[in-house]
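Undergrad: Turn this into a model:
(2 chains)
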Number of protein chains: 2
Amino acid sequence: MIEFPAHPITPIGIIHSCYPQKFGIPRQPGLVKSSTGRLALLPPCDREEMVRGLDAFSHLWILFLFHGAVAEGWRPMVRPPWLGGQKRVGVFASRSPHRPNFMGLSVVRLMGIRREKKGLFLELAELDLLDQTPVFDIKPYVPYSDAVAGAHGGTIPPPGMVPREVLFTDEAEESCSIYEQRTGRQLRALITETLEQDPRPASQRRRAREYGMALWEVNVRWQAEGEGFLVVRIEGVEKGE
Amino acid sequence: MIEFPAHPITPIGIIHSCYPQKFGIPRQPGLVKSSTGRLALLPPCDREEMVRGLDAFSHLWILFLFHGAVAEGWRPMVRPPWLGGQKRVGVFASRSPHRPNFMGLSVVRLMGIRREKKGLFLELAELDLLDQTPVFDIKPYVPYSDAVAGAHGGTIPPPGMVPREVLFTDEAEESCSIYEQRTGRQLRALITETLEQDPRPASQRRRAREYGMALWEVNVRWQAEGEGFLVVRIEGVEKGE
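TA: The predicted model follows:
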């Protein structure tokens, strides 16, 4: 048998995203249109010429490290959420983060390329990546070959799920307004779209409790209310002038 | 700035494909339906349970090393073939093998999973990978999220190119028959589909010469003939009983 040495790879950039924690990250990209972030390119890959022409593409592939999963290791079989967390399949039949080499693949929308004093940034949306994710490569999404006609996806069902209704208390509503004015980020839409997908683990859906969910630098407190959710308050938004 | 250590990754398997050399490999996957091969899974990833459930998917993502490009290094800008080899774009706006970390991403058709004495194999088709390619990860192709509705691909044109006509001499025809009977591989279709895409570099299309192209363990000799190609003979096919 041929012996392979380990191949060392070095991040070309790092993600800054609205998701500082795993809880709340959509299970597939594209579900939450308001989830935004940016890729900060690192030297020697922070040269504008290296991304020249990229803005002609609407979407990108991001190859990244599931850095939150490395310390936990991987197992040969997993229980993917699209099988209700019950049935086990091989790790290579899943998109689980807990996999050999811990490599992730995600498609994101490219909103723009920005040169700032502190570096070169790709502005991204429809993101499902944890803040601080190390990125190993980016590639243009080429519909002609990447959108495979006639591919069928086994047991992964399309989300026929009806989006949950999401309501806000007056207090939470006000915090969103203040935050949005200050940062320009669409916090209310981000919370709504994230909760519509029901981020609770299947095992917890019958328990009545209040949840905390970190988005950007705030903590969103919410609870189930009938078939939907109520956003109770938002911690970390300064009310003063 | 945050310092990142290089992350070591280890191949989970190795590709055996019909392409022992770069010349002839289609510029995008899916173009050559008869290009086949297999992924030999390496320990500790050669356990059947790790791919259980994978056969429910028609296609796979393969994350691999462009091992033929590592020694040549990478440059910030490249001249991709879809721009006629003339215009330069940033390496991250291309799918060039000569890129930081030398990582490739390709979608292939999964034909089956086979356990043999010498290992566990995934049988693949519509392959554009070099023989002996080290593979770092495989993931199921999930049409719902991977086939992005409305994505547009910048300057990469869909191949409006008319396929070239491919003719065979009697001698070449006979060699194909013998080879196909011996191996069960569809050599004639593989040659035809590969030449239909015109594998010649743009710079050589005006020169009249005979080409050699390695497919599996044979060498296919061919030349331009009018607007099409003529397969002259096939070297490496034993004629004996």
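
Undergrad: C-alpha only now, for contacts and for neighbours.
TA: Fine.

Undergrad: okay, now the domains of chain A?
TA: By the assignment in automatic domain parsing, chain A contains the domains A:13-146, A:166-235.

Undergrad: among these, which is nearest residue B:79?
TA: domain A:13-146 (11.5 Å; Cα to Cα).

Undergrad: if we can go back for a sec, can you redo the domains of chain A as JSON lines with distance to residue B:22, mean neighbour count and mean pLDDT?
TA: Output for these, formatted as JSON lines (distance: least, Cα to Cα, whole Å; neighbours: other Cα atoms under 10 Å in any protein chain shown; pLDDT from 0 to 100):
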{"stretch": "domain A:13-146", "distance to residue B:22": "19", "mean neighbour count": "20", "mean pLDDT": "92"}
{"stretch": "domain A:166-235", "distance to residue B:22": "45", "mean neighbour count": "16", "mean pLDDT": "92"}
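
Undergrad: Quick one: closest of these to chain B.
TA: Closest of those to chain B is domain A:13-146, at 3.9 Å (criterion: Cα to the nearest Cα).

Undergrad: what separates the closest one from the chain centre, distance-wise?
TA: Between the centre of domain A:13-146 and the centre of its chain there are 7 Å (Cα atoms, centre = their mean, to the nearest Å).

Undergrad: what about it and chain B, touching?
TA: Yes. If you take Cα under 8 Å from any Cα of the partner chain as the test, domain A:13-146 does meet chain B, through A:28-30, A:49-59, A:76-77, A:89-95, A:100-101, A:103, A:107, A:136-146.

Undergrad: Just these: which are in strands?
TA: Within the residues of domain A:13-146 next to chain B, residues falling in strands by DSSP state E are A:59, A:77, A:89-90, A:103, A:107, A:136-140.

Undergrad: quick check, nearest of those to residue A:67?
TA: residue A:103 (8.8 Å).

Undergrad: residue contacts, the residue lying closest to the closest one once chain neighbours are set aside?
TA: Excluding the flanking residues, the one nearest residue A:103 by Cα to Cα, 6 or more residues apart in numbering or on different chains is residue A:65, at 4.8 Å. Residues near residue A:65 by Cα atoms under 8 Å, 6 or more residues apart in numbering or on different chains: A:102-104, A:133-136.

Undergrad: then stretch A:227-236 to CSV, C-alphas only?
TA: Only the C-alpha atoms of stretch A:227-236 are listed here, as CSV (Å, rounded to 0.1, in the frame of the first residue of the first chain):
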residue,chain,number,x,y,z
GLU,A,227,-46.9,26.8,17.0
GLY,A,228,-44.5,29.7,16.7
PHE,A,229,-42.0,31.6,18.8
LEU,A,230,-41.9,34.8,20.8
VAL,A,231,-38.8,36.9,21.0
VAL,A,232,-38.9,38.2,24.6
ARG,A,233,-35.9,40.5,24.8
ILE,A,234,-32.5,41.2,23.3
GLU,A,235,-29.6,41.5,25.7
GLY,A,236,-26.5,43.5,24.9
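
Undergrad: Show the contacting residues for residue A:54.
TA: Contacts of residue A:54 (Cα under 8 Å, 6+ apart): A:140, B:90, B:92-93.

Undergrad: ugh, wrong one, residue A:52
TA: B:89-90, B:92-93.

Undergrad: got it, and residue A:229?
TA: So residue A:229 contacts A:164-167, A:195, A:222-223 (Cα under 8 Å, 6+ apart).

Undergrad: is it in a bridge, and if so with what?
TA: residue A:166, residue A:224 (DSSP bridges).

Undergrad: ranges for the strands of chain A?
TA: Assigned by DSSP E, chain A shows strands spanning A:7-9, A:13-17, A:36-41, A:59-65, A:77-78, A:89-90, A:103-116, A:119-125, A:134-140, A:166-168, A:210-215, A:218-225, A:228-235.
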